[in-house]
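Peer 1: Fold the following for me, if possible:
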Amino acid sequence: MTKLTLGSHPFLLGFDQLERLVERTAKSENGYPPFNIEQSADNSFRITLAVAGFGDDDLSITVEDRQLIVRGKQADPEDDRIFLHRGIAARQFQKAFVLADGVEVAGAATENGLLHVDLKRAVPETIVQTIKINKG
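Peer 2: Just a heads-up that it's a prediction; the model follows:
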């Protein structure tokens, strides 16, 4: 029995990258930090990450190869504190979100321990193209 993949279907030409994209996204999923994704308008989205304890200088946001990557790394405290219980996570993290073509980062802000990353999708214009048929 042959495996029918998304890129091998005759009506889905050029979609072979989509299957790799789905696999890459599934492999990168972890639960820290927790996040929400909400649609704020027809072509606008907001990703909100819980980043309590991280300062603005501890966070970085980059877009690499159609991936939005949010990284957090806290500086090691210089004092010699002795914790009797340490329940607040102070570990570094990297969270990646795959962006579709035409989706761009509109801005980012921190508020009350939350990092908000706003995204917008450009509405593509409809293009009608007539193809000339040459005689053999």
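Peer 1: Now name the helix or strand holding the residue positioned nearest the centre of the chain.
Peer 2: Against the mean C-alpha coordinate of the chain, by Cα atoms, centre = their mean, the closest residue is residue 97 at 1.7 Å. Using DSSP states H and E, the secondary-structure element containing residue 97 is strand 93-98.
Peer 1: what's the average pLDDT for that strand?
Peer 2: When pLDDT is averaged along strand 93-98, the result is 92.
Peer 1: Check which residues of it are buried.
Peer 2: The neighbour-count check on strand 93-98 (16 or more other Cβ atoms under 10 Å) flags 93, 95-97 as buried. Yep, even glycine has a C-beta here, placed from its N, CA and C like the rest.
Peer 1: Repeat that for stretch 101-120.
Peer 2: Across stretch 101-120, burial judged by 16+ other Cβ under 10 Å covers 103, 108, 115-120.
Peer 1: What of stretch 68-82?
Peer 2: Using 16+ other Cβ under 10 Å as the test for burial, stretch 68-82 gives 68, 70, 72.
Peer 1: What confidence value was assigned to the last one?
Peer 2: The one in question is residue 72. 95.
Peer 1: can you pull out the strands in the protein?
Peer 2: Residue ranges of the strands in the chain, as given by DSSP state E, are 35-41, 44-50, 59-64, 67-72, 93-98, 103-111, 114-121.
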